[in-house]
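J.: Here's my sequence, what's the structure:
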Amino acid sequence: MLDVAVIDQAAAAEISLDPVRARLLAALAEPGSASSIAAAVGLTRQKANYHLRALEEHGLVELVEERKKGNVTERVFQATAASYVISPAAFAALAPDPDRSPDQLSARWLVALAARLVREVGELIAGATAARQPLATYAIDSEVRFASAADRSAFADELGESVKHLVARYHDENAPNGRRHRLVVALHPSLKTPSEQAKSPDNRHEES
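T.: Numbering: from 1, shown residues only. Purely as a prediction, here's the structure:
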């Protein structure tokens, strides 16, 4: 089972968003059959079987074992991933385009960038998996506590200059065997913890 899978088909996205089927997927983090998980999700075995067939049809669960019980064959399934992300590719007509209105200070543009990241990396994962090839990626996830808005602004300026110099140093437009790579750098306020929210009289989120 994968740690995370990207859903890029509209039909599979619709299936995964159904509350009952989402509960089944969660229950199938460990292998189970219709009869073994039906009660846990509040369904009859027949209903559980119906939903499992739909999930299997769209590649969200997979058969891991068949057990003979007298004249009955019990099919045991497991979710294909521990968690799922729906790619904007599943809603192609509505997918955000970060090139349409680029704005470094817009939180909504940041969301558009993140959506493109999910779509592109999801497609790359699918291609690499089909070709049985590794996919070279790199990411940094960190957190900075700024003393003031001025410090945050200075940090963003310095980070931008550093990235610009690195890109200029390593970018080779004429490399015969070169391959382009997407570089995205993001900075946004961390979500408040419950204790921080309790201390704050104003829990509104900033747009940018």
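J.: Give the buried residues for the lowest-mean-pLDDT helix or strand in the chain.
T.: Sorted by mean pLDDT, DSSP states H and E, the helices and strands of the chain end with helix 194-199, the least confident at a mean of 78. The neighbour-count check on helix 194-199 (16 or more other C-beta atoms under 10 Å) flags nothing as buried. C-beta coordinates here come from the backbone N, C-alpha and C atoms, glycine included.
J.: Not counting residues beside it along the chain, what's closest to the residue nearest the centre of the chain?
T.: By C-alpha atoms, centre = their mean, the chain has its centre lying nearest to V85, at 3.3 Å. Leaving out its chain neighbours, the residue that sits closest to V85 by C-beta to C-beta, 6 or more residues apart in numbering is V6, at 5.2 Å.
J.: My guess is that neighbour contacts V121. True?
T.: Yes: using C-beta atoms under 8 Å as the test, V6 is close enough to V121 to be in contact (7.4 Å).
J.: Confirm the residue nearest to V85 sits in a strand?
T.: Yes: under DSSP: H, G, I helix; E, B strand; the rest coil, V6 falls within a strand.
J.: That one and G160, how far apart?
T.: According to C-beta to C-beta, to the nearest Å, V6 and G160 sit 29 Å apart.
J.: between these two, who's got more neighbours?
T.: Regarding V6 and G160, a neighbour count based on other C-beta atoms under 10 Å identifies V6 as having more, with 20 against 13.
J.: So for the residue lying closest to P88 once chain neighbours are set aside, what's the pLDDT?
T.: Among residues not flanking P88 along the chain, A95 sits closest, at 3.7 Å (C-beta to C-beta, 6+ apart). At A95 the predicted local confidence, pLDDT, stands at 91.
J.: Report the separation between A95 and P102.
T.: 16 Å.
J.: the more surrounded of the two?
T.: Neighbours per residue (other C-beta under 10 Å) separate A95 from P102, with A95 holding more: 14 against 11.
J.: For the more buried one, give me its contacts.
T.: 88-89, 115, 119 (C-beta atoms under 8 Å, 6 or more residues apart in numbering).
J.: Verify the stated contact: A81 with L2.
T.: Yes: with contact defined as C-beta under 8 Å, A81 reaches L2; the gap is 4.2 Å.
J.: Looking at these two, which is more packed in?
T.: A81 (18 against 13).
J.: List phi and psi for Y84.
T.: Y84 adopts backbone torsions of phi -130, psi 150, taken as degrees, to the nearest 10.
J.: What's the per-residue pLDDT of it here?
T.: Reported pLDDT for Y84: 96.
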